[in-house]
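Student: Quick one, what's the 3D model for this:
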Amino acid sequence: MYCKYCGRKIQEGEICNCRSQNDSVRESGSQKNKQESEQPKKQKERPKKEKQSQSKKNGSWNKTPLVIAAVFLALAAVSFISLRFLLADTLSGGALEEIYPYLIYILPSAFAVIAAVAAVFGMSGRGKWIATAMTVVSVLGIAGIMGSMILAPYESSSGSVADYEKDDENDSVRVEKGEKKDEVSGQLEEIREDFEDGKLDYVEAKKELEEIDVDDLEQTQEKKYDSLVEDLGKGLEKEISEYTKISNYKYAIKHLTSISEELDEEDEVVNKLLKQCDADYMKYLEEESSRLIAEGTPKDAVQILEDAKELVRDQEKLEKLIATAEKAETDKKNAVAKKDSEYIIPDSNSRYLTESDISGLSLQQLNYAKNEIYARRGRKFDSVELQEYFGSKSWYRGTIEPSQFTNDMLNDYEIKNADLLSAREFAIDSGGYKLR
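Tutor: Sure thing, here's the model as predicted:
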């Protein structure tokens, strides 16, 4: 039998070598062709592998964290702008009113923190610079939100309204204060003018001043107020001095006491003047009572001292002065009684005598009583009897010669009484009393 491939004669069941060679050659050719066909493919895959190798070397993109970071950064920015500015008036009222001032800072900050964390996870691979930038932006965003909360805190519209109302109220207060300032200044000037013109006395002016609230006065107004109070005091001092100049301390003290009672509060000026007037009045009483006693009118001294009891403060000293004046009055009465005993008719120089006053006198007494009127005026007598008689009296001071004495030196009482005594004397004895 022959090989169908090469035509060589072969035994039955034998396999021709040409087939194995052809298979080998075929296989070799096939492998060669395969290698040749695969070589371009490998050449094509080499750049790809190089790229993959380079990609592995440089790291792959980690997109998910970066996307999350970008989304939350955007949410942080949008939420802060919306909550802080755009939607503030809409959302700040109602149930969110109390937490809204915190919500506008906490929510954007939370978004920024999430963005920062996501950016940190996205730093592996080729997007690390983008992740770093997002982290920095997130941190700056958080810092900016916190900074705005500290430096420019949110104020709700209701707070703004309250502030506006407060500002309006402050403006109103300022306007009111300005008007009140002008009103107070005008009131002070009006009080001054009325007091100087005599339309207001001290009490009325002080009561007008009491209606002004001193605590609300500004510095300039306070100076005007103090100046007016000082001028009122000077005016009162001048008024009181007009009375003390004429020693009318009694009226001055009564007037000051009346002023003190009319005023609601103690007045420093009034108290000062009262104290001064009291001291001056006591000095005046001491000097005046001494003068009156020296002049022989202690009764008048007692009277002015008694009148001062209700006014002076030093009652002990006043009582001593009264006791001195009363003693002087007693001494005077005793002296007068003694002196009167030396007169036949003590009051013949001060009243008109009647017939009944002289009816019991003897002829000698009538003559002596008549000449007593002349002796009281200082006449001397040619009669030795009369001169000796009147010379023995303590009150007699003979200074006028008989030839120089005239009835013009007598008052009307004395002239009429001398005539009455003379008529009675010669009615008893036509020759009258015989003097030696």
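
Student: so what pLDDT did the residue nearest the centre of the chain get?
Tutor: The centroid of the chain falls nearest to residue 215 when counting by CA atoms, centre = their mean (2.9 Å). Residue 215 is assigned 78 on the pLDDT scale.

Student: ok, now how distant is residue 138 from residue 220?
Tutor: Relative to residue 220, residue 138 is positioned 60 Å away (CB to CB, to the nearest Å). The C-beta positions use only the backbone N, C-alpha and C, and glycine is treated the same way.

Student: neighbour count winner among the two?
Tutor: residue 138 (25 against 10; other CB atoms under 10 Å).

Student: residues in contact with the closest residue to the more buried one other than its chain neighbours?
Tutor: The shortest distance from residue 138 to any non-neighbouring residue, by CB to CB, 6 or more residues apart in numbering, is to residue 116 (3.5 Å). Neighbouring residues of residue 116 by CB atoms under 8 Å, 6 or more residues apart in numbering: 69, 134-135, 138-139, 142.

Student: which of those count as buried?
Tutor: 69, 134-135, 138, 142 (16 or more other CB atoms under 10 Å).

Student: what number of residues lie near residue 400?
Tutor: With other CB under 10 Å as criterion, residue 400 counts 15.

Student: measure it to residue 251 for me?
Tutor: 46 Å.

Student: Repeat that for residue 216.
Tutor: To residue 251, residue 216 is 39 Å away according to CB to CB.

Student: residues of the strand or helix carrying residue 424 that come out buried?
Tutor: Assigning secondary structure by DSSP states H and E places residue 424 in helix 412-428. Neighbour counts over helix 412-428 (16+ other CB under 10 Å) mark 413-414, 417-418, 420-422, 424-425 as buried.

Student: Now render those residues as TSV, adding pLDDT and distance to residue 349.
Tutor: Output for these, formatted as TSV (pLDDT from 0 to 100; distance: CB to CB, whole Å):
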residue	pLDDT	distance to residue 349
413	96	6
414	96	5
417	95	8
418	96	10
420	96	13
421	96	13
422	95	16
424	94	18
425	95	19
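
Student: Distance-wise, check residue 316 relative to residue 80.
Tutor: 91 Å.

Student: what domains does the record give for the chain?
Tutor: For the chain, the structural domains run 1-45, 63-156, 173-227, 247-341, 355-428, going by automatic domain parsing.

Student: Take those and write them to CSV, including distance to residue 348.
Tutor: Below are the domains of the chain laid out as CSV (distance: least, CB to CB, whole Å):
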stretch, distance to residue 348
domain 1-45, 178
domain 63-156, 111
domain 173-227, 55
domain 247-341, 11
domain 355-428, 5
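
Student: For residue 436, which of those domains is the nearest?
Tutor: domain 355-428 (5.0 Å; CB to CB).

Student: end-to-end on that closest one?
Tutor: 13 Å (CA to CA, to the nearest Å).

Student: which one of the contacts of residue 116 is nearest residue 354?
Tutor: residue 142 (132.2 Å).

Student: per-residue confidence averaged over whichever helix or strand the closest one is part of?
Tutor: Element membership for residue 142 (DSSP H and E) is helix 128-151. The average pLDDT within helix 128-151 is 80.

Student: now swap in stretch 182-200 and tell me
Tutor: For stretch 182-200, mean pLDDT is 87.

Student: Quick check: buried residues in it?
Tutor: For stretch 182-200, by 16+ other CB under 10 Å, it's 184-185, 187-188, 191-192, 195, 200.

Student: Helices - which of those residues land there?
Tutor: 184-185, 187-188, 191-192, 195 (DSSP state H).

Student: List just the nearest of those to residue 367.
Tutor: For those, the nearest to residue 367 is residue 195 (73.7 Å; CB to CB).

Student: residues contacting the closest one?
Tutor: 201-202, 205, 231-232, 235.

Student: Please identify which pair of the residues you listed lies farthest apart.
Tutor: 201 and 231 (13.9 Å).

Student: tell me the angle the strand or helix carrying residue 118 makes with helix 128-151.
Tutor: For residue 118, the host element (DSSP H and E) is helix 100-121. If you take axes from the mean of the first three to the mean of the last three CA atoms, to 10 degrees, helix 100-121 sits at 160 degrees to helix 128-151.

Student: Let me know the average pLDDT across helix 100-121.
Tutor: Taken as a whole, helix 100-121 has a mean pLDDT of 80.

Student: Could you do stretch 383-402 as well?
Tutor: Stretch 383-402 comes out at a mean pLDDT of 94.

Student: List the buried residues of that stretch.
Tutor: 385-386, 389-390, 396.

Student: got it, and stretch 324-334?
Tutor: 324-326, 328-329, 332.

Student: Check stretch 216-230 too.
Tutor: Neighbour-count burial for stretch 216-230 [16+ other CB under 10 Å]: 217, 221, 224-225, 228-229.

Student: Rank the residues you listed by pLDDT and give me only the lowest.
Tutor: Of all of these, residue 217 carries the lowest confidence score, 79.

Student: is it true that that residue touches residue 226?
Tutor: No - taking contacts as CB atoms under 8 Å, residue 217 lies outside contact range of residue 226: 9.6 Å.

Student: Skipping adjacent residues, who's closest to residue 137 in space?
Tutor: residue 73 (6.3 Å).

Student: tell me which element that neighbour falls in.
Tutor: Element membership for residue 73 (DSSP H and E) is helix 63-81.

Student: Measure how that helix sits relative to helix 128-151, angle-wise.
Tutor: Using the same axes, to 10 degrees: helix 63-81 against helix 128-151 is 20 degrees.

Student: Poorly predicted segments of the stretch 151-300 of the chain, please.
Tutor: Within the stretch 151-300 of the chain, the segments meeting pLDDT under 70 span 154-181.

Student: can you give me the helices for it?
Tutor: 157-196, 202-210, 219-244, 249-262, 268-294, 298-307 (DSSP state H, counting those that start in this stretch).

Student: how far does the last one sit from the chain's center?
Tutor: The one in question is helix 298-307. Distance of helix 298-307 from its chain centroid, counting by CA atoms, centre = their mean, to the nearest Å, is 50 Å.

Student: same for it, what does it pack against?
Tutor: Packing partners of helix 298-307 (3 or more CB pairs under 8 Å, 6 or more residues apart in numbering; DSSP states H and E): helix 268-294, helix 315-340.
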